[in-house]
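Novice: fold the following for me, if possible:
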Amino acid sequence: MRLLLAIILPWLQFFTIGRPFAGIICLILQLTVIGWVPAAIWSVYALSQYKTDQKIRAAVSQGRLKA
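Specialist: All right, here's what the predicted structure looks like:
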């Protein structure tokens, strides 16, 4: 669901992952027609990084990795 949101409304996806400053910058970028594609790519990339960070935090909290 977040991936679809990242493609359709890239700026809103940043707010869902707790990065409001990046969301505002992305909104400004998305307001231009040319900026929509880079905004969507940036949003999808940020979402993948967010998911990776979540997996690392889960592994550390379960004691599988040492911080």
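Novice: buried stuff in the strand or helix carrying residue 4?
Specialist: Under the assignment given by DSSP states H and E, the secondary-structure element containing residue 4 is helix 2-8. Of the residues in helix 2-8, those buried by neighbour count under the rule 16 or more other C-beta atoms under 10 Å are 5, 6, 7. In this view, the C-beta of every residue, glycine as well, is placed from N, C-alpha and C.
Novice: same check on stretch 24-40?
Specialist: 26, 27, 29, 30, 35, 39, 40.
Novice: equivalent analysis for stretch 9-28, please.
Specialist: 9, 10, 11, 12, 13, 14, 15, 17, 22, 23, 26, 27.
Novice: in TSV, list the residues you listed along with distance to residue 62.
Specialist: Rendered in TSV, the data for the buried residues of stretch 9-28 read as follows (distance: C-beta to C-beta, whole Å):
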residue	distance to residue 62
9	33
10	32
11	33
12	31
13	27
14	28
15	28
17	22
22	29
23	30
26	33
27	36
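Novice: of all pairs in those residues, which one is the farthest apart?
Specialist: Comparing all pairs in the buried residues of stretch 9-28 by C-beta to C-beta, the longest separation belongs to 17 and 27, at 14.7 Å.
Novice: would you map the helices across the chain?
Specialist: 2-8, 10-16, 20-30, 36-61 (DSSP state H).
Novice: can you redo the ones you listed as TSV, where the extra columns are mean pLDDT?
Specialist: Output for the helices of the chain, formatted as TSV (pLDDT from 0 to 100):
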stretch	mean pLDDT
helix 2-8	83
helix 10-16	88
helix 20-30	90
helix 36-61	89
